[in-house]
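**Q** Coordinates for the following, if possible.
(one chain, ligands or ions: 1)
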Amino acid sequence: MQGRKILFGVTGSIAACKAATWVSSLVQEEAQVTVMMTEAATRFVTPLTFGALSGQQVYTDMFSTDAEEIMAHITLSGDADAVLIAPATAQTIAQLAQGMADNLLSAAVLASAAPVVVCPAMNSKMLAHPATQRNLAILKELGYLVVEPETGPLACGEVGTGRLAEWDTVREVLQGLFVEQDLAGQQILITAGPTREPLDPARYLSNRSSGKMGYFLARTARRRGAEVTLISGPTNLPAPPEITLVPVQTAAEMAKAVKEHAENASIIVKAAAVADFRPKNVASLKIKKSTAALQLELEPNQDILASLGKGKVQRPDQLLVGFAAESNNHEAEGRRKLEAKQADLIVVNDILGKQTGFDVDTNQVIFITQEGAEQLALLSKEETANRIWDKVIALHKSKRG
Ligand code: CTP
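**A** Sure, this is the predicted structure:
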């Protein structure tokens, strides 16, 4: 978001108070935010609030004689990288659908060549009304990006659809505007997180994977235009917006879910830390403590990546990416796994490094392919995810010749 010029339109809904926190988040990410408010919006939240949060003048009046505001609808919209309207009321949506220009914000939208993101928020009956639905359909036809409202308790006391979308979702939509859609048309299957292998009703065997790398892969792939299915073991992370999330617990559940979704995928990335073993017998009642040592018998889980590698023979166009979590002999182990699992790319990461291990936000990986090894710098996991997609795109191209 850094340096992006966002023209932020606020219209008259109680959800305008949420827009104030969105402005604050954008400013924290160093975006340049200019707020335009309709007259109705100023009844809910004062321009002073938005002025203080954005650090910029707030524009409200189409007919202001203030030198700075004259022609604001032209100057500000011409300069914007994106126009975000949140919350967008039924009234504003209707005005935009008709191409009306009877207030500063609707005039600015007409005068803008920048992409427009519209976030409706209203009572569920108003939203469901055919007039609103028709107006939203017109906006989509015009190329506006409509971020669908969510279902839940509404300010009017009802429960229904009409809540302003979550900021996380809208932020991802905005980010998608600023990156090349070079994964558009790809159906990507990603696995992430640990698996849990139950021992008894209270206990399980697992590992320290946080899922962060896989979740960043899912977010960045979606941003770059892919359709993403994320099969995830248990994590504490919020579900990435606009992807299909398939939650699983055990390695066996993950294997089954992967099998169900693999066929449709053009790219599969196995970032999950799958447990190699599971307890042979799962006790139906809690195992009681005793003074004697406890012996656990473990049996191996299926290697999901290796079985996908074998299946690739049937679908040679599918690109398969595995990870290798290593504490020593990184490159050699990565190469061994590339061959053994018939992957196209193995991303090796060091689980002992303080900035590359579990649960941190950075990573330093080595790419291993048939062509050789490539060591990357220490990067954020988000940036690492983007580098992985760059590599995947290059491999995909060379595969198709
Ligand atoms: N993997 C998998 N199924 C398993 C074990 C691992 O699909 N039962 C996948 C992981 O998702 C990862 C890759 O295989 O993409 C390598 O996982 P890793 O744990 O590094 O290697 P292992 O094959 O388990 O070998 P080892 O634990 O001996 O290093």
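
**Q** Show me which residues of the stretch 251-400 of the chain sit near the ligand.
**A** Residues of the stretch 251-400 of the chain found near the ligand (Cβ under 6 Å from any ligand atom) are 251, 270, 272, 274, 276, 301, 303-305, 322-325, 337. C-beta here means a position set from N, CA and C on the backbone, and glycine is covered the same way.

**Q** if you look at those residues, which of them are in helices?
**A** 251, 304, 305, 337 (DSSP state H).

**Q** Quick check: the farthest pair among the residues you listed?
**A** Largest separation among these by Cβ to Cβ: 251 and 337, giving 16.9 Å.

**Q** Which residues does the nearest residue to residue 124 once chain neighbours are set aside form beta bridges with?
**A** With sequence-adjacent residues excluded and distances taken as Cβ to Cβ, 6 or more residues apart in numbering, residue 124 is closest to residue 160, at 2.9 Å. In this structure, residue 160 bridges to residue 152 when assessed by DSSP bridges.

**Q** any idea how far residue 121 is from residue 160?
**A** 12 Å (Cβ to Cβ, to the nearest Å).

**Q** Those two: which has the busier surroundings?
**A** Neighbour count, other Cβ atoms under 10 Å: between residue 160 and residue 121, residue 121 has more, with 25 against 16.

**Q** residue contacts, that one?
**A** Residue 121 sits next to 13, 15, 86, 87, 88, 89, 149, 162, 163, 164 when contact means Cβ atoms under 8 Å, 6 or more residues apart in numbering.

**Q** Please repeat the previous calculation with a cut-off of 10 Å.
**A** 11, 13-16, 18-19, 86-90, 127, 149-150, 154-155, 162-165 (Cβ atoms under 10 Å, 6 or more residues apart in numbering).

**Q** Tell me the buried residues within those.
**A** Buried members of those, counted by 16 or more other Cβ atoms under 10 Å: 11, 13, 15-16, 18-19, 86-90, 127, 149, 154, 162-165.

**Q** ok, the residue nearest to residue 124 - contacts?
**A** So residue 160 contacts 123, 124, 125, 127, 128, 149, 151, 152, 153, 154 (Cβ under 10 Å, 6+ apart).

**Q** Which two of these have the greatest separation?
**A** Longest span within the contacts of residue 160, Cβ to Cβ: 128 and 153, 16.7 Å.

**Q** Just confirm residue 179 is within a strand.
**A** No: read with DSSP: H, G, I helix; E, B strand; the rest coil, residue 179 is coil and lies in no strand.

**Q** how close does it get to residue 241?
**A** As judged by Cβ to Cβ, residue 179 and residue 241 stand 15 Å apart.

**Q** between these two, which one's more packed in?
**A** residue 241 (18 against 13).

**Q** And the residue nearest to residue 124, how far from the ligand?
**A** According to Cβ to the nearest ligand atom, to the nearest Å, residue 160 stands 41 Å off from the ligand.

**Q** Quick check, pLDDT for that residue.
**A** pLDDT, residue 160: 92.

**Q** swap in residue 399?
**A** At residue 399, pLDDT is 77.

**Q** Then residue 78?
**A** In this prediction, residue 78 has a pLDDT value of 79.

**Q** got the contact list for the helix or strand that it is a member of?
**A** Assessed by DSSP states H and E, residue 78 sits inside helix 72-79. The contact list for helix 72-79 (Cβ under 10 Å, 6+ apart) reads 5, 7, 9, 32, 34, 36, 56-57, 59-62, 64, 66, 68-69, 71, 83, 101, 103-114, 116.

**Q** In that helix, which residues are buried?
**A** 72, 73, 76, 77.

**Q** just stretch 42-59 next, same as before
**A** Applying 16+ other Cβ under 10 Å to stretch 42-59 flags 42, 44, 45, 47, 49, 50, 53, 54, 56, 57, 58, 59 as buried.
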